[in-house]
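# Using only what follows, build the 3D model:
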Amino acid sequence: MSPSKQVEQFDALLQQGEPVLALAPMQDVTDLPFWRVIRSRGGADVYYTEYFRVHADSRLEKPILRSITENPTGRPVIAQMIGNSIPDLVRTARELQQHPIAAVDLNLGCPAPIVYKKCAGGGLLREPERIDRILGALRESVDKRFTVKTRLGFDNPAVFDELLPIFSKHDLDLLTVHGRTVKEMYRSAVHYDFIARAVAETGCPVLANGNVYSAAKAESVLAETGARGLMIGRGIIRNPWLFTQIRQHLRGETPVWPSGREVLD
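So this is what the prediction gives:
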C-alpha cells in the first residue's frame, strides 16, 4: 500500500461509524509473523509497530522495519518511536516517513524499568514540560499523521491534569490512553474515568487501552469512556480471534470460536 493510501485509509477509519480496533505495540511480540497470525484470524483495523529505539547512534531496526515494508495486513501501519532526544526523534520521524506508514507515534507509556530509568517511554511522564517541547518539534516535522500513546502519569495520575492541555495544544491526530500509571504496571484496575476525560478534553480521537479481554468488556469500555476505539495487546495474545469477536458482538451477532462454539464472556 502506498504512503498516500495508508493515510487515506487511516483517515477513513477515524471517520467510520464502527469503533477502531488497533493492535497494541508489544516489544519482541507484535512482529511481522505475529501480524500474519492476527490478520489470518480477522485482524485489527490498524497495526502499531514495535517501538524503534531512538538515540544519537540509532538507525531504523531492520526486523521492525520489515513489518512496514512487508506489511501483510492490507491495513494502515503506525510506526512507533521511543526516546527523548529531540534532534534524533525528528531525524527518525523523517526517516520513517520515507516508508509506507499512515502515522508516526511517540511512546509515552512503556512501563519497563530499563526504559523509564533512561527517561524514555513512561519515564518522560515525570517531565511534562519536556514532553511539550518534544511534541512541538515532532508536530512540525511529521507531514503525515502524528499520534501519541500514553499512560496517566508516572506514579501519580494527578499529572494527567498537566498532560491533557499539552496533548490538546499540539493537534494530535490520535491519542491512545492506557488507564494506569507507569508504577501501576498491569496490576491495578484500569482508571477508565481518566480515559473519558481525555475524550472530553483533548479534541482528538482517543483509543482506550487496558484490560480489554472479551467482546463484552470491549462494549463496556467503549460505553464508559466514549472512546473512538480500542487498542488491545495482551487480550489478543490470549485470544487471536478477539478483534473479530468484538465486531460480531457490537453488530448484535453471537461471537463464535472457529470451531463454531459460542463464546461466553
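
# From Arg145, how far off is Leu164?
20 Å (C-beta to C-beta, to the nearest Å). All C-beta spots, glycine's among them, are computed from the backbone N, C-alpha and C.

# Equivalent analysis for Val7, please.
Counting by C-beta to C-beta - Val7 and Arg145 are separated by 6 Å.

# anything in contact with each of those two?
When contacts are counted by C-beta atoms under 8 Å, 6 or more residues apart in numbering, Val7 and Arg145 are jointly contacted by 102-103.

# so where do the strands sit in the stretch 151-265 of the chain?
174-178, 206-209, 229-232 (DSSP state E, counting those that start in this stretch).

# Now render those as JSON lines, adding distance to Phe34.
Listed next are the strands of the stretch 151-265 of the chain as JSON lines, based on distance: least, C-beta to C-beta, whole Å:
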{"stretch": "strand 174-178", "distance to Phe34": "19"}
{"stretch": "strand 206-209", "distance to Phe34": "18"}
{"stretch": "strand 229-232", "distance to Phe34": "13"}
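
# any idea which of those is most buried?
strand 174-178 (a mean of 29; mean count of other C-beta atoms under 10 Å).

# buried ones in stretch 1-16?
By 16 or more other C-beta atoms under 10 Å, the buried positions in stretch 1-16 come out as 1, 6-7, 9-10, 13-14.

# Now find how far off-centre it is within its chain.
In terms of C-alpha atoms, centre = their mean, to the nearest Å, the gap separating the centre of stretch 1-16 from the centre of its chain is 16 Å.

# next one: stretch 101-118
So, by C-alpha atoms, centre = their mean, the centroid of stretch 101-118 is 10 Å from its chain's centroid.

# Just give me the neighbour total for Pro113.
Applying other C-beta atoms under 10 Å, we find 12 residues neighbouring Pro113.

# Arg251 now?
Arg251 has 9 neighbours, counted by other C-beta under 10 Å.

# ditto for Gln98
Gln98: 9 neighbours (other C-beta under 10 Å).

# Where does it sit: helix, strand or coil?
Classification of Gln98 using DSSP: H, G, I helix; E, B strand; the rest coil returns coil.

# Poorly predicted segments of the protein, please.
Residues of the chain that meet the criterion pLDDT under 70 lie in 258-265.

# and with 50 instead?
264-265 (pLDDT under 50).

# Can you list the residue ranges for helices in it?
Along the chain, counting by DSSP state H, helices occupy 3-15, 32-39, 62-69, 86-96, 113-116, 128-141, 160-169, 192-201, 215-225, 234-238, 242-250.

# Save those helices as a markdown table, and put in distance to Asn209 too.
Shown next, in a markdown table, are these (distance: least, C-beta to C-beta, whole Å):
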| stretch | distance to Asn209 |
| --- | --- |
| helix 3-15 | 16 |
| helix 32-39 | 16 |
| helix 62-69 | 20 |
| helix 86-96 | 22 |
| helix 113-116 | 17 |
| helix 128-141 | 18 |
| helix 160-169 | 14 |
| helix 192-201 | 8 |
| helix 215-225 | 9 |
| helix 234-238 | 10 |
| helix 242-250 | 14 |
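
# Name the stretch among those that sits most buried.
Note that of those, helix 242-250 is the most buried (mean count of other C-beta under 10 Å), with a mean of 21.

# Find the nearest non-adjacent residue to Glu162, please.
Pro128 (4.4 Å; C-beta to C-beta, 6 or more residues apart in numbering).
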